[in-house]
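Student: Just the structure for this:
(one chain, ligands or ions: 1)
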Amino acid sequence: MSTVTTETTEPPATTARLEASGVTVRFGGLVALDGVDLAVPPGAVVGVVGPNGAGKSTLFAVLSGLLRPDAGRVRMGGADVTRTSARTRARRGLARTFQRPELFDGLTVREHVVLADRVRHGGGRMLRDLVTGGGFRRPSTAEDARVDEILDALRLGDLRDREVSGLPLGACRLVEVARALATGPETMLLDEPSSGLDARETAELAATLARVNADHGVSMLLVEHDVELVLGMCETVHVLDFGVMIRSGTPAEVRADPAVRAAYLGTETPAPANPAQGAGPDEESR
Ligand SMILES: Nc1ncnc2c1ncn2[C@@H]1O[C@H](COP(=O)(O)OP(=O)(O)OP(=O)(O)O)[C@@H](O)[C@H]1O
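Tutor: Sure thing, here's the model as predicted:
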């Protein structure tokens, strides 16, 4: 008796949504990333931290499709996307936010999210809006319903008709997250989401991101300066230093690592054996 098998091209549910393996980037003689590995499993919130110059922005650019690595691979859902553009990755379900929110001054909060919704649902409609000069087309009832749901989920309902130009930075970050969410992403790449926010705004943003992750199943990769934010909300944390991933693990493991504590958490500050070599983490512990 023969068994009927159904072939499928869907990746297994456990395949990482986003993965870097052996990613190396050189700028002339400088190795900005040296064989970096990381994976963002479905539904996970993963963080990358590191001090100035560690390679965070370079890694972000490689993952988002703005920079080709000199070596290594980037995969989405198991498919090799190393040589694809940022646009192709966006179509495959990767959304991103910016360190400095890239919003349109003349548009309201709601209009930003409607435009993003049109990228997903409206075919060429967003482009027509932008190129016809006819102004912003009134949203349909269905668009309004989808957009309102996202605005309410992110607690932006009260601000929906405000132009973004007058909003505080914390609210602009949420508009970026709302806009990213409207494109229906599987994975969100967040570039320094806490940058410029005070402690209260950072806590609110962290709570919002946690809700988006839980309610929408969106995987997230935070590339961040703020170690405490990342340790507080990510299940896996990667620590970059001079282009090398010096530690990857749970927040508890990363917190307990002497090299990480010495370098980034300020709980141990070993004096360099030779001050001329600088005040970085000691070489032996890497
Ligand atoms: N386009 C470039 N050309 C030459 N060197 C570069 C370029 N971009 C980055 N670098 C160098 O690569 C290294 C990593 O930089 P990167 O900006 O990725 O670090 P970072 O962790 O994002 O730092 P920061 O937190 O200060 O933004 C640094 O030494 C930086 O000077």
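
Student: Pull up the residues of the stretch 101-250 of the chain that are close to the ligand.
Tutor: residue 225 (CB under 6 Å from any ligand atom). Any C-beta I mention is one placed from the backbone N, CA and C, and that applies to glycine too.

Student: show me where the chain has strands.
Tutor: 18-27, 30-40, 45-49, 71-76, 79-80, 94-97, 187-191, 219-224, 236-241, 244-249 (DSSP state E).

Student: Any chance of a markdown table for the ones you listed, columns mean pLDDT and distance to residue 118?
Tutor: Formatted as a markdown table, the strands of the chain follow (pLDDT from 0 to 100; distance: least, CB to CB, whole Å):
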| stretch | mean pLDDT | distance to residue 118 |
| --- | --- | --- |
| strand 18-27 | 97 | 25 |
| strand 30-40 | 97 | 27 |
| strand 45-49 | 96 | 28 |
| strand 71-76 | 97 | 23 |
| strand 79-80 | 96 | 26 |
| strand 94-97 | 92 | 15 |
| strand 187-191 | 94 | 19 |
| strand 219-224 | 95 | 24 |
| strand 236-241 | 94 | 34 |
| strand 244-249 | 94 | 38 |
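
Student: Those strands into a markdown table, with extra columns for mean neighbour count?
Tutor: Below are those laid out as a markdown table (neighbours: other CB atoms under 10 Å):
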| stretch | mean neighbour count |
| --- | --- |
| strand 18-27 | 19 |
| strand 30-40 | 19 |
| strand 45-49 | 25 |
| strand 71-76 | 18 |
| strand 79-80 | 12 |
| strand 94-97 | 23 |
| strand 187-191 | 24 |
| strand 219-224 | 25 |
| strand 236-241 | 24 |
| strand 244-249 | 19 |
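
Student: How about the stretch 101-250 of the chain: which residue is closest to the ligand?
Tutor: When distances are taken as CB to the nearest ligand atom, the stretch 101-250 of the chain reaches nearest to the ligand at residue 225, 6.0 Å away.

Student: Find the nearest non-adjacent residue to that residue, please.
Tutor: residue 192 (6.0 Å; CB to CB, 6 or more residues apart in numbering).

Student: Isn't that neighbour up against residue 223?
Tutor: Yes - at 6.6 Å, residue 192 and residue 223 qualify as touching, with contact defined as CB atoms under 8 Å.

Student: shared neighbours of those two, anything?
Tutor: Common contacts of residue 192 and residue 223 (CB atoms under 8 Å, 6 or more residues apart in numbering): residue 56.

Student: And the helices in this structure?
Tutor: With DSSP state H, the ranges of helices along the chain come out as 56-64, 86-91, 109-121, 125-132, 141-153, 169-182, 199-216, 227-233, 251-256, 258-260.

Student: so for the shortest one, what's the average pLDDT?
Tutor: Right, the one you point to is helix 258-260. What helix 258-260 shows for mean pLDDT is 83.

Student: now for that helix, which elements pack on it?
Tutor: strand 244-249 (3 or more CB pairs under 8 Å, 6 or more residues apart in numbering; DSSP states H and E).

Student: Mind doing that once more with 10 Å?
Tutor: Applying 3 or more CB pairs under 10 Å, 6 or more residues apart in numbering; DSSP states H and E, we find helix 258-260 packed against strand 236-241, strand 244-249.

Student: I'd like those laid out as JSON lines, including distance to residue 229.
Tutor: Conversion of those to JSON lines gives the following (distance: least, CB to CB, whole Å):
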{"stretch": "strand 236-241", "distance to residue 229": "11"}
{"stretch": "strand 244-249", "distance to residue 229": "17"}
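
Student: So for residue 41, which of the ones you listed sits nearest?
Tutor: Residue 41 lies closest, by CB to CB, to one member of the helices and strands packed on helix 258-260: strand 236-241, at 8.4 Å.

Student: Below-threshold pLDDT in the stretch 1-150 of the chain: ranges please.
Tutor: Across the stretch 1-150 of the chain, the ranges flagged by pLDDT under 70 are 1-13, 121-136.
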